[in-house]
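Participant: prediction below, plus the sequence it came from.
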Amino acid sequence: MPRRILVSAAVAVALAGVSVPQAFAADVSDQDSTFLMKVHQGNLTEIMAGQDTRSHAMSDCVKKVGEVLVRDHTKLDSDGKTLAGKLGVTLPRSPSAEQREQLAAVQEKAGSKAYDQAWLTAQAAAHRTTLQLIDQELADGTNAEAMAAARTARPVVAMHLDMVRDGACHAARDAGTVRAGSGGHLAAVGGSSALGAAGMAGGGLLAVAGMGRLAYSRRRAGQE
């Protein structure tokens, strides 16, 4: 009987000291799902827009920015798709109708300076929209990993916006390859605190329970 009391007390102390974060077991909310779906469509759109500059842009600056978009959004989208699969979120297969129309409108000006200006203006608007999606997820999201994806993407999208802000080209503002690895990387960014705390909780339970067993053994030895 004393052993049960000691172990129960140890568990209670451990739980009081180290709790598993709510986000670790939180379900994916509508906000999280919407964020992952819309950002995926944004990534697809930016990749297509960047690829289009290879043959249609007139200036080297616009072509450079286009390559940066392809590079970064490909990596972000790879991570996003892995995360969506992990969380059970079904992603759209293509950009939205509005995004496709915007791409087509810019392509109509292919091979002229008007194309470059239209492309830069469209990208500035697109990246402002993406930043709004990210900020909404950071404010209203509930899933730790989806919010981590938003935090990972935000500085990258902000950098892209600086490169096309006000319809002007600033390729020199490229800060280099985005720090986004595999889907596991995103999970680690957002899930590290959750997983780490969970591990601490488990370790705390074992450690305190072990102390309880040791105290009981010593007490029993003294009684004998």
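Facilitator: Perfect, thanks for sending it. Please read all numbers here as calculations on a predicted model, not as lab measurements. Residues are numbered from 1 along each chain as shown.

Participant: give me the element the spatially closest residue to Arg154 that is not a sequence neighbour is part of.
Facilitator: Counting by C-beta to C-beta, 6 or more residues apart in numbering, Ile134 is the residue found nearest to Arg154 once chain neighbours are left out, at 5.0 Å. Placement of C-beta: from N, CA and C, glycine included. Per DSSP states H and E, Ile134 falls inside helix 113-140.

Participant: so which residues of this structure form strands?
Facilitator: For the chain, strands defined by DSSP state E do not occur.

Participant: so what's the residue count around the residue nearest to Asp174 when sequence neighbours are not counted?
Facilitator: Setting aside the residues directly before and after it, Asp174 is nearest to Val68 in space (C-beta to C-beta, 6+ apart), at 5.1 Å. Residues lying near Val68 (other C-beta atoms under 10 Å) number 23.

Participant: for Val68, which residues are in contact?
Facilitator: Contacts for Val68 (C-beta atoms under 8 Å, 6 or more residues apart in numbering) come out as Gly50, His160, Met163, Ala171, Asp174.

Participant: thinking the last one is in contact with Lys64, fair?
Facilitator: Yes. When contacts are counted by C-beta atoms under 8 Å, Asp174 is listed as touching Lys64 (7.4 Å).

Participant: who's in contact with the residue nearest to Lys38 when sequence neighbours are not counted?
Facilitator: Counting by C-beta to C-beta, 6+ apart, Lys38 lies nearest to Leu133, which is 5.5 Å off, once chain neighbours are set aside. Shown in contact with Leu133 (C-beta under 8 Å, 6+ apart): Phe35, Lys38, Val39, Gly42.

Participant: could you dump those residues into TSV and include distance to Leu83, pLDDT and neighbour count?
Facilitator: Listed next are those as TSV, based on distance: C-beta to C-beta, whole Å; pLDDT from 0 to 100; neighbours: other C-beta atoms under 10 Å:
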residue	distance to Leu83	pLDDT	neighbour count
Phe35	11	98	27
Lys38	14	98	18
Val39	10	98	25
Gly42	15	98	25
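
Participant: low-confidence ranges in this protein?
Facilitator: 1-26, 177-224 (pLDDT under 70).

Participant: all helices of this protein, in order?
Facilitator: 2-17, 30-56, 60-87, 97-107, 113-140, 144-164, 183-223 (DSSP state H).

Participant: just the buried residues of the second one, please?
Facilitator: In this case it means helix 30-56. The neighbour-count check on helix 30-56 (16 or more other C-beta atoms under 10 Å) flags 31-50, 52-53, 56 as buried.

Participant: for Met48, see how far away the closest residue in space to Ser96 that isn't next to it in sequence is.
Facilitator: Leaving aside its chain neighbours, Ser96 sits nearest to Gln41 (5.5 Å; criterion: C-beta to C-beta, 6+ apart). Distance check for Gln41 against Met48: by C-beta to C-beta, to the nearest Å, it reads 11 Å.

Participant: likewise for Tyr115?
Facilitator: Tyr115 is 15 Å from Met48, by C-beta to C-beta.

Participant: then Leu91?
Facilitator: Distance from Leu91 to Met48, by C-beta to C-beta: 16 Å.

Participant: likewise for Arg128?
Facilitator: 18 Å.

Participant: next one: His40
Facilitator: For His40, the distance to Met48 - C-beta to C-beta - is 13 Å.

Participant: which neighbours do these two share?
Facilitator: Between them, His40 and Met48 share no contacting residue, judged by C-beta under 8 Å, 6+ apart.

Participant: how about Glu46, what does it touch?
Facilitator: With C-beta under 8 Å, 6+ apart, Glu46 has these contacts: Leu69, Val70, His73, Gln123, Ala126, His160.
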